[in-house]
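K.L.:
return atomic coordinates for the entry below.
(one chain, ligands or ions: 1)
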Amino acid sequence: MTAPERATLNVESSHYPPLLLRHPGNPILTGRDWPYSINSVFNAGATLLPDGTTLLLCRVEDRRGLSHLCAARSRNGVDGWQIDREPTLMPNPQKYPEEIWGIEDPRITFVPELEQYVVTYTSYSRGGPGVSLALTKDFRSFERYGVIMPPDDKDTALLPRRINGYWALIHRPMTNLGAHIWVSYSPDLRYWGRHRLMLEARKGAWWDANKIGLSPPPIETPRGWLVLYHGVRHTPSGCLYRLGVALFDLENPEKCLLRGDSWIFGPETDYERHGDVNDVVFPCGYTMNPDGDTINIYYGAADCAIALARASVRSLLDWLDAHGSCERRQRVEDL
Ligand code: BMA
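P.N.:
Okay, here's the model as predicted:
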């Protein structure tokens, strides 16, 4: 290799392309914006309402340390947020004992067949975090299905349509095998089975070793389900939450087609690096622009604020083509 070739290689390998671009107005929502007393707001599910309004269903933590969900609406998805004057969905431990220590980290999927939004969220029970599900048409009244996956399980989203006749739920149960992403199927959103490993945490020094989880709901593209997932790295000074990307077969979502080796987004700015929990970026929702390519990713920053980053689906797929591999899933027989 010649010296100029070596120089080019060095430059290229030390510069990662920015795939997610932070909005200059970040953070777009903090506890100071709230119409009632709270500790912090973060990890919001996101969707577009029929009139084009962006709705965020935010995780709000009070000063007891317990969380509930509160809706914020904006015409442009960036500012001018109208925040519900009181909590939108409160834990109801009398009826749903699994919600005794709060409800957290919602993901929203609009399901055309049901003409409703399906919200999946963490219910913090005595036995640890489990998964609960609720249906809504308007984010004002909710039909609660209660707990659908027992503890310890979280980081869940429903796919927007049936796969071979069954609803598909992506989730992250903690098992003796580790904290991997699984997919389960149901005929009716209540009874779940045919549990399959979908993506596993790597081992050793990798950024996504030992513990991963789904971030926003998967994005349907002609090439497959594009999945943004978080990797949790345990370091001597705490956990480091970063984001990676993988692609799964449209009709067989447990089949991983491509997985990137590097993380594509991690804590860098002050509001991501410093907060109640340092060094966390944690997206739970996205909206798609009318161009069908630009996604607005809403993420919790350091468990203290909601921030926005934009990405192009085409660029994420191009990046996966250039940097992804389908060899990155350990053989299921090894587990
Ligand atoms: C995870 C979830 C998130 C939180 C993150 C960092 O386990 O509980 O809600 O943002 O930890 O604290």
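K.L.:
by proximity to the ligand, which residue of this protein wins?
P.N.:
Evaluated by C-beta to the nearest ligand atom, the chain has Val277 as its residue closest to the ligand, separated by 3.9 Å. All C-beta atoms are positioned from the backbone trio N, CA, C, and that covers glycine.
K.L.:
which residues does that residue contact?
P.N.:
Contacts for Val277 (C-beta atoms under 8 Å, 6 or more residues apart in numbering) come out as 238-239, 302-303.
K.L.:
what subset of those is buried?
P.N.:
Buried by 16 or more other C-beta atoms under 10 Å: 302-303, out of the contacts of Val277.
K.L.:
so of the contacts of Val277, which ones are in helices?
P.N.:
Applying DSSP state H to the contacts of Val277, no entry is found in helices.
K.L.:
give me the most central residue, this protein.
P.N.:
Ranked by distance to the mean C-alpha position of the chain (C-alpha atoms, centre = their mean), the top residue is Ser215 at 1.9 Å.
K.L.:
need the helices for the protein, in chain order.
P.N.:
Secondary structure of the chain, counting by DSSP H: helices at 3-14, 270-273, 313-323.
K.L.:
would you mind pulling the contact partners of the shortest one?
P.N.:
It stands for helix 270-273. By C-beta under 8 Å, 6+ apart, the residues outside helix 270-273 that reach it are 26-27, 267, 279-281, 301-302, 304-305, 307.
K.L.:
surely Thr122 touches Glu104?
P.N.:
Yes. Between Thr122 and Glu104 there is a contact at 4.2 Å, judged by C-beta atoms under 8 Å.
K.L.:
and those two? Which one has more around it.
P.N.:
Using other C-beta atoms under 10 Å, the more surrounded residue of Thr122 and Glu104 is Thr122, with 27 against 23.
K.L.:
what does this structure put close to the ligand?
P.N.:
By the rule C-beta under 6 Å from any ligand atom, the part of the chain lying against the ligand is 43, 104-105, 277, 280, 282, 300, 303.
K.L.:
could those go into CSV alongside distance to Thr136 and pLDDT?
P.N.:
CSV is the format used below for these (distance: C-beta to C-beta, whole Å; pLDDT from 0 to 100):
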residue, distance to Thr136, pLDDT
Asn43, 18, 98
Glu104, 17, 98
Asp105, 17, 98
Val277, 29, 98
Val280, 27, 98
Phe282, 23, 98
Gly300, 21, 98
Asp303, 25, 98
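K.L.:
circling back to that earlier point, buried ones among the contacts of helix 270-273?
P.N.:
Neighbour counting by 16+ other C-beta under 10 Å classes 26-27, 267, 279-281, 301-302, 304-305, 307 among the contacts of helix 270-273 as buried.
K.L.:
please identify which pair of those lies farthest apart.
P.N.:
Within these, two members stand farthest from each other by C-beta to C-beta: Asn26 and Asp279, at 16.0 Å.
K.L.:
what are the boundaries of the strands in the stretch 1-150 of the chain?
P.N.:
Residue ranges of the strands in the stretch 1-150 of the chain, as given by DSSP state E, counting those that start in this stretch, are 21-22, 29-30, 40-48, 54-61, 67-74, 82-83, 103-111, 116-125, 128-136, 142-149.
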